[in-house]
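**Q** Fold the following and give me the result.
(one chain, ligands or ions: 2)
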Amino acid sequence: MTMTPSRDRRSTHPIGRLERTLIDEITLNERVRELGAEIAADYAERDLVLLCLLKGGIYFTADLSRAIDLPLTVEFVRARSYAGTESSGEVKLSWIDGLEIDGRDVLIVEDIVDTGLTLVEIWDALEARGAASLAICALLYKEKRLAHPFPVRYIGFAIEDVFVVGYGLDYDERFRNLPHIAVFQPDESSRGPSRQGRSPLSPP
Ligand code: IMP
Ligand code: MG
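**A** Numbering: from 1, shown residues only. Ligands and ions are numbered 1, 2, ... in the order given. Next comes the predicted model:
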């Protein structure tokens, strides 16, 4: 028999602290099911491709795809909006060359829309590849931070301007595997020289 730890060990790490739960697991799952039903109705006669933006979209895409009762396909693109440990303001896309989306209806699945820069970049790249239609589904949406206004067709939750982790979202690659969304406060003293002065609200 294994002992159950009294505290979730995923939440303990010296780089910072989880301040509070913003969206609990039950609320998340219910909303993902609602989004799935809505998407299934909208795309009933279409040839749907869910395009997961890695890494953050991994859990959301896995759950959302199972909540959509259609014969869809799933594709993956990696989007990074940083160079090394510094935010660069540039988005680097990987694996986009092999995508076959010509004539298909593409729904981009994103963990969070923060400044909107990632979406601007991916939208332009996909438009050039001949998709029949393009739309965006974001689990979280920080309206106050939006520097690049972008039409997001499906939004899980509009949230306040706080840095969050869990359900795919990371801080320095940690906390993606929390089953809920939590507000995160980094520990300034644990940061290396290259991270200092960088706001946790800058895309990592
Ligand atoms: P955008 O290009 O500024 O919209 O930022 C998108 C990316 O920044 C997301 O896909 C995340 O990887 C990251 N990001 C933005 N805000 C947060 C946050 O609160 N927590 C974790 N990652 C975030
Ligand atoms: Mg990230």
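**Q** what's the next secondary structure element after the lowest-mean-pLDDT helix or strand in the chain?
**A** Evaluated with mean pLDDT, DSSP states H and E, the helix-and-strand set of the chain has its lowest mean pLDDT in strand 86-94, which scores a mean of 68. Scanning forward in sequence from strand 86-94, with DSSP states H and E defining helices and strands, the next element found is strand 105-113.
**Q** May I have the strands that pair with that following strand, each with its orientation?
**A** Strand 105-113 has its sheet partners listed here by DSSP bridges as strand 48-54 (parallel), strand 133-141 (parallel).
**Q** Adding mean pLDDT, distance to residue 167 and mean neighbour count, write those strands out as CSV.
**A** C-beta coordinates here come from the backbone N, C-alpha and C atoms, glycine included. Output for the strands paired with strand 105-113, formatted as CSV (pLDDT from 0 to 100; distance: least, C-beta to C-beta, whole Å; neighbours: other C-beta atoms under 10 Å):
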stretch, mean pLDDT, distance to residue 167, mean neighbour count
strand 48-54, 96, 14, 23
strand 133-141, 96, 7, 21
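**Q** Of those, which is nearest ligand 2?
**A** strand 48-54 (9.8 Å; C-beta to the ion).
**Q** quick revisit: now distance to ligand 1 too, for the strands paired with strand 105-113, in JSON lines please.
**A** Below are those laid out as JSON lines (distance: least, C-beta to the nearest ligand atom, whole Å):
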{"stretch": "strand 48-54", "distance to ligand 1": "6"}
{"stretch": "strand 133-141", "distance to ligand 1": "8"}
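**Q** could I get those as CSV with distance to ligand 2?
**A** As requested, the strands paired with strand 105-113 are arranged in CSV below (distance: least, C-beta to the ion, whole Å):
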stretch, distance to ligand 2
strand 48-54, 10
strand 133-141, 12
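**Q** Could you dump those into CSV and include distance to residue 163?
**A** Below are the strands paired with strand 105-113 laid out as CSV (distance: least, C-beta to C-beta, whole Å):
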stretch, distance to residue 163
strand 48-54, 18
strand 133-141, 11
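**Q** Mean confidence (pLDDT) on the strand of greatest length in the chain, please.
**A** As assigned by DSSP state E, the longest strand anywhere in the chain is strand 73-83. Per-residue confidence for strand 73-83 averages out to 81 on the pLDDT scale.
**Q** what secondary structure does residue 121 sit in?
**A** Using DSSP: H, G, I helix; E, B strand; the rest coil, the secondary structure recorded for residue 121 is helix.
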